[in-house]
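Asker: make a model of this:
(chains A and B)
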Amino acid sequence: MSTTILDDGVDAPERRMYWALADGWTVARRTLTHLIRQPANIAWQLGFPIVSVLLFGYVFGSAMSVPGGGDYREYLMPGMFGMTMAMGFMNTAYAVVIDTTKGVTDRFRSMPMAPSAPVTGRGLADIVSASVDLLVLAVTALVIGWRSDGGFWATLAAFGLLLWLRFALIWIGIWIGLMTPNEEAAGSLFAVAFPFAMISSVFVAPSQMPDWLGAVAAWNPVSSTVTAARELFGNPAALGDSWIEQHAMLGAIVWPLAITLVFVPLAVRRFQRLSR
Amino acid sequence: MSTSSHAILAEGLQKRYGEKRALDGFDLAVPQGTVYGLLGPNGAGKTTAVRILATLVRLDGGRAEVAGHDVVREARKVRRRIGFTGQFTAVDEILTGRQNLLMFGRLFHLGTARAAARADELLHQFDLAEAADKGTKEYSGGMRRRLDLAASMILAPKVLFLDEPTTGLDPRGRNEVWTAVRSLVSGGTTVLLTTQYLDEADQLAGRVAVIDHGRVIADDTPAALKRRVGGDQLEVVLEEAVDLPVALQALARVAAGRPEVDEKHRRVTAPVERRVAALTDVARALQDEGIGVEDIGLRRPTLDEVFLRLTGHKAEPEQAVATERTEVPA
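Answerer: As a prediction, this is how the structure comes out:
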């Protein structure tokens, strides 16, 4: 039935660009439909940061001190935002593992769609759902008394930096997802994600850690993003003396860029290896 | 050999994974509008062959054309003309059946309105209209597989690849899928299906290519393949094992070949030519001797036996696969 064949895959470049975007959007819509069909999943996903806020903010909160002074809960909230972004790569990896093991990736590859669409669609959907996560967390934060004193644009910039980190981690997520053999193995990614998010300035200032650990924490990309967000929100930042802590804003821009530059080629190469 | 009359043409396909040759001079010519079974045990190279033909895997040597286009140089053209369902049902489990078909229809560049119309058609064709707006997580295995087939039929492709379409399904699900595949074939689609269930090839395929160690070792109709093993078999199962020698003699008198004895199951089997005469002769002889017979009958050779004859080894899947898929009778 050649009547259903619209074109022959030999498209002009602008048609190809159109389909790359259209197909990417179609793939992204699928994930967004998941959110709409299973809104409870957002609650599950945000359960961890929200419980962390309650634990650290209220249970340990009175025992926590912020170097340089300031309210611990004010210090904590940007950390929660950053932790949620940092652990988001697990969502990406998990979705990639499911699609690869269940054959959805193969189905996409056997179709005449834009080859980039599964990846761009994944990325777009992840950024949108990360934005929803941030929105829910920010409302939670406002309820327990957190405020941004940075003004509209600075606040927006802070959320932008958080999403910029999440964007970079999409590529790590895809790369890891393509290397993970099955769903069960994907569950153990938590063992990586947990220290990656925690050994940082999320809960405690690096200056309060043992020297070597503090250095690791300070250089963690998550720390730069969180510290930069604290500065933009006008929250206590508890800056240490190290160069990277003094240049958090630069780190928050350059770290994700570096991660993207390294992991996009790695993820693409992994994707191409599927046809081996 | 004219290219245009063949929906699938593969010549000397080579594919190596490390030291292992997955395909080693694989040839296949599938005429248009036929159902071709690719039969072989696990690891014989069936899946690799199908994945190469469906443009999913690069080949190391040889050449292949599908629907008149080269799978390497014209991969996108091939993709416009094929449907592919892999070993797992590749549908989204959270979306509904309809949402799945809509998404795939959009990705086939039908546009929203036509994708919706096509989804409706397919849901009816594959008997999924009632469950159309349920999440596919609630579907049975057979329903999910039918949705999977529907998704691969969105563009009404000329060639459809089915990689082990009923693996993991219960008998009812298998029947549902078989019915669906037969309806596609009557619509003129060429189907290449791989299977390690020999009765499946027998049920669906007009022709069967038997594959072993990465190459086709036999290529014929199921009936002709069975003929190679010999004609029908006369089988007698006794109540008492002590009577086996007598039964053996009775069968030897009518058999066209040497009878075989299976002591454990108290069974004697022999190939026969004059089917009905042989059956009545043996039945009467055993009755005259006063021997208790549990079962007696004629049966056609199975494709399992064909495989054993052709390759010299049994069509048994590897151990791990066997335990994983025990619920499916081979």
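Asker: buried stuff in stretch A:51-64?
Answerer: A:52, A:53, A:56, A:57, A:61, A:64 (16 or more other Cβ atoms under 10 Å in any protein chain shown). Yep, even glycine has a C-beta here, placed from its N, CA and C like the rest.
Asker: is chain B within reach of stretch A:92-109?
Answerer: Yes: with Cβ under 8 Å from any Cβ of the partner chain as the criterion, chain B is reached by stretch A:92-109 at A:101, A:102, A:103, A:104, A:106, A:107, A:108, A:109.
Asker: narrow these to those in strands?
Answerer: The strands, defined by DSSP state E, take in nothing from the residues of stretch A:92-109 next to chain B.
Asker: please, where are all the helices along the stretch 51-200 of chain A?
Answerer: A:72-87, A:89-101, A:104-109, A:117-143, A:151-179, A:183-187, A:190-198 (DSSP state H, counting those that start in this stretch).
Asker: so which of the ones you listed gets nearest residue B:277?
Answerer: With Cβ to Cβ, the closest approach to residue B:277 among the helices of the stretch 51-200 of chain A belongs to helix A:104-109: 54.1 Å.
Asker: list the helices and strands the closest one packs on?
Answerer: Here helix A:104-109 touches helix A:89-101, helix A:117-143, strand B:82-85, going by 3 or more Cβ pairs under 8 Å, 6 or more residues apart in numbering or on different chains; DSSP states H and E.
Asker: which residues are contacting the first one?
Answerer: Translated: helix A:89-101. A:31, A:45, A:104-105, A:118, A:122, A:126, A:129, A:169-170, A:172-174, A:176-178, A:180-183, A:185-186, A:189-190, A:193, A:274, B:88 (Cβ atoms under 8 Å, 6 or more residues apart in numbering or on different chains).
Asker: need the buried ones from those residues selected in PyMOL.
Answerer: This is the PyMOL syntax for the buried subset of these, where burial follows 16+ other Cβ under 10 Å:
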select buried, (chain A and resi 31+45+104+105+118+122+126+129+169+170+172+173+174+176+177+178+180+186+189+193) or (chain B and resi 88)
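Asker: on that earlier part again, pLDDT and distance to chain B added to the buried residues of stretch A:51-64, as TSV?
Answerer: Below are the buried residues of stretch A:51-64 laid out as TSV (pLDDT from 0 to 100; distance: Cβ to the nearest Cβ, whole Å):
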residue	pLDDT	distance to chain B
A:52	82	27
A:53	82	28
A:56	82	33
A:57	83	33
A:61	79	38
A:64	82	40
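Asker: between those, which sits nearest residue B:97?
Answerer: Using Cβ to Cβ, the buried residues of stretch A:51-64 come closest to residue B:97 at residue A:52, 38.8 Å.
Asker: the closest one touches residue A:83, doesn't it?
Answerer: Yes: if you go by Cβ atoms under 8 Å, residue A:52 and residue A:83 touch, sitting 7.2 Å apart.
Asker: one step back: which of the helices of the stretch 51-200 of chain A sits closest to residue A:214?
Answerer: Among these, helix A:190-198 sits nearest to residue A:214 (Cβ to Cβ), with 13.3 Å.
Asker: which is the next helix or strand following the closest one?
Answerer: Next along the chain after helix A:190-198, taking DSSP states H and E as the criterion, comes helix A:211-219.
Asker: so how far is that next one off the chain centroid?
Answerer: Distance, stretch centre to chain centre, for helix A:211-219: 22 Å (Cα atoms, centre = their mean, to the nearest Å).
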